[in-house]
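Student: I need the structure of the sequence given here:
(one chain, ligands or ions: 1)
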Amino acid sequence: MKKLIDLITDEVKQAFEDKGYESKFGMVTLSNRPDLCQYQCNGALAAAKIYKKAPIMIANEVVDSLKGSKAFEKMEAIMPGFINITLNNDYLVNYLNSISQEERFGCEKAILPKTIVIDYGGPNVAKPLHVGHLRSAVIGESIKRISRFLGHNVIGDVHLGDWGLQMGLIITELKKRQPELVYFDDNYTGEYPVEPPFTITELEEIYPAANEYSKSHPEFKEEAKTATYLLQNGKAGYAALWNHILNVSVNDLKKNYENLNVSFDLWKKESDAQSYIPGMVEYLKEHNYTRISEGALVVDVKEESDTKEIPPCMILKSDGATLYNTTDLATMIERMELFGPDEIIYVVDKRQELYFETVFRCAKKTKLVEENVKLTFLGFGTMNGKDGKPFKTRDGGVMRLENLIGSINDAVYQKMVENRDMTEEESRTISKKVGLAALKYGDLSNQASKDYIFDIDRFISFEGNTGPYILYTIVRIKSIINKYNEMNKTSDRGEILPSVIPSEVNLMLEAAKFNDVIEHSFYEYAPHKICQYIYDLANAFNSFYHENKIISEEDKKKQQSWITLITLVKGILEQCIELLGFDAPDRM
Ligand code: ARG
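Tutor: Below you'll find the predicted structure:
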């Protein structure tokens, strides 16, 4: 279904053309004075400069030309040359009746679907998931769902951090603690016990301990580096340990992501790209893209137009070791080979922006990635505490994601049990849904690149711009519809009828925006636009609901029309929260 704003724009463009002006001046936007009109066109002001006429004259001509149009109820030229537009309600209602019969509420799939790889989550093996990983998971998941809803072929990859020194540190620490383990036996050949020699809780304690210890013990760090080297070169006992570490970690991560309603199509790891490195280094050298700088192999990526210092992209350190860069470049080769994507989107902390700039430039310059493949860095800001500093636990430690989710669910639960007659079990289940909505909406309602303040009391409030408020609105609509269906012994829907009630017309206008909002949120990588929209839509519904008594309405035709309209609104709200990555309970 064509977007309503495009249908209107088409008419206005035609009018400009009919009057002898270029059609591009007929762009229509939403009104920024909703008290005066619903849409507006400011094109006459720009056209006036080209055609050397007073803008108001052009505006008047256009308005005049649209006199006979069925689409408009009121069209006015306003000094100095604005065109204020109000739709004919029949026209709007027609549009709504068409989209309400569509499963996708008028949102069309892309005609030319793209293949898009989304790199998000990015947890590191053996390190507990912390709130920093929350944003990547939550934002990436939503971008994935939005892109997929629009018909694109999307591959979400967790890109697990399983390579590098952290592995050597864990192995060395284990050796210190349990030297008797079979994996440290020099004759060990690869048969290894199925049971891992640690639990996830132990593992999560081992890494920070080893990391801390290595800072003050250079010999330990050296040993860890050697262990890393041996692991990467296939030492059987270390490979077996690495496998255990991976399995234990991944099981735990999957559980955590499941709780967040986040799922990945691929569980690829940094280590998977390693086999591409030797060939890549060869290729880069052969084509003279590299030079040696202080012993290291680098690619220069500076450009003349740069206003900031862009360091070279380092491929190999002077000791021949690979780096984060090397892995990311090799992963690009792997992705090009496996999926041939049109775009790769990286959802990563914005503090890595310069790093990605360097890697992207290197990939393009060296043609590891073709010119027409879009590489997108979607950097997100920091989640801060109420003090404006990065969010921490009460004793100043890093807050684990699991605990964060737990504390939100508990807070919601406390609110719910206060004055509701629910069983313990039901309250717990609902609290989980509401808690997830609070957490995700609290995050997604901010523009991704901005820092935001994690304010649990605000996030779980049932009023204001919050996830629970949106859920509450959906639950309210569900209950009205259920009541209506029971009273009328039907779930048949009729048509939406024209109306002059301002709160109803406003609700109609909001509902009609759905397809436009979804497209914008896709092109701008902006789930927050969906949040803004559903907040407006929920507000529009609640104003309408408070002004009109739907269930006791005596005019049955009107009542049925209202039920059809709010069924559409419910469908849109539910579709939107699904795109954000959470869902609504039946009651709360
Ligand atoms: N594991 C990394 C970290 O914790 C994030 C990975 C982001 N993705 C990438 N392709 N580099 O910082």
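Student: Every contact and neighbour count from this point should use C-alpha atoms.
Tutor: Fine.
Student: and stretch 279-286, how far out from the chain's middle?
Tutor: Here the centre of stretch 279-286 is set off from its chain's centre by 36 Å, with CA atoms, centre = their mean, to the nearest Å.
Student: how about that stretch: buried residues?
Tutor: M280, V281, L284 (16 or more other CA atoms under 10 Å).
Student: Relative to the ligand, which of those residues is nearest.
Tutor: M280 (17.0 Å; CA to the nearest ligand atom).
Student: that older thread, how about the buried residues of stretch 279-286 in CSV, adding secondary structure, distance to R148 and pLDDT?
Tutor: Putting the buried residues of stretch 279-286 into CSV (DSSP: H, G, I helix; E, B strand; the rest coil; distance: CA to CA, whole Å; pLDDT from 0 to 100) gives the following:
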residue, secondary structure, distance to R148, pLDDT
M280, helix, 32, 98
V281, helix, 35, 98
L284, helix, 35, 98
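Student: Switch those over to JSON lines; also include distance to the ligand.
Tutor: Shown next, in JSON lines, are the buried residues of stretch 279-286 (distance: CA to the nearest ligand atom, whole Å):
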{"residue": "M280", "distance to the ligand": "17"}
{"residue": "V281", "distance to the ligand": "19"}
{"residue": "L284", "distance to the ligand": "20"}
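Student: Return the residues of the stretch 101-250 of the chain in contact with the ligand.
Tutor: G122, P123, N124, G161 (CA under 6 Å from any ligand atom).
Student: Check the first one and give its pLDDT.
Tutor: To tie it back to what came earlier, the one meant is G122. G122 carries a pLDDT value of 95.
Student: Neighbours of it, how many?
Tutor: By the criterion of other CA atoms under 10 Å, G122 has 21 neighbours.
Student: for the last one, same thing?
Tutor: Taking other CA under 10 Å as the neighbour definition, G161 ends up with a count of 19.
Student: which ones are touching it?
Tutor: G122, P123, N124, V125, K269, E270 (CA atoms under 8 Å, 6 or more residues apart in numbering).
Student: between the residues you listed, which is closest to N60?
Tutor: Nearest to N60 among the contacts of G161, counting by CA to CA, is G122 at 56.7 Å.
Student: Isn't the closest one up against R135?
Tutor: No - checked against CA atoms under 8 Å, the pair G122 and R135 is beyond contact range at 10.5 Å.
Student: Show me where the stretch 101-250 of the chain has its strands.
Tutor: According to DSSP state E, counting those that start in this stretch, the stretch 101-250 of the chain carries its strands in the segments 115-119, 153-157.
Student: Reformat these as CSV; add mean neighbour count.
Tutor: Listed next are the strands of the stretch 101-250 of the chain as CSV, based on neighbours: other CA atoms under 10 Å:
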stretch, mean neighbour count
strand 115-119, 23
strand 153-157, 21
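Student: Would you mind giving the ones you listed as a markdown table with mean pLDDT added?
Tutor: Formatted as a markdown table, these follow (pLDDT from 0 to 100):
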| stretch | mean pLDDT |
| --- | --- |
| strand 115-119 | 98 |
| strand 153-157 | 98 |
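Student: Touching, K317 and T326? I think so.
Tutor: No - between K317 and T326 there is no contact under CA under 8 Å: 10.0 Å.
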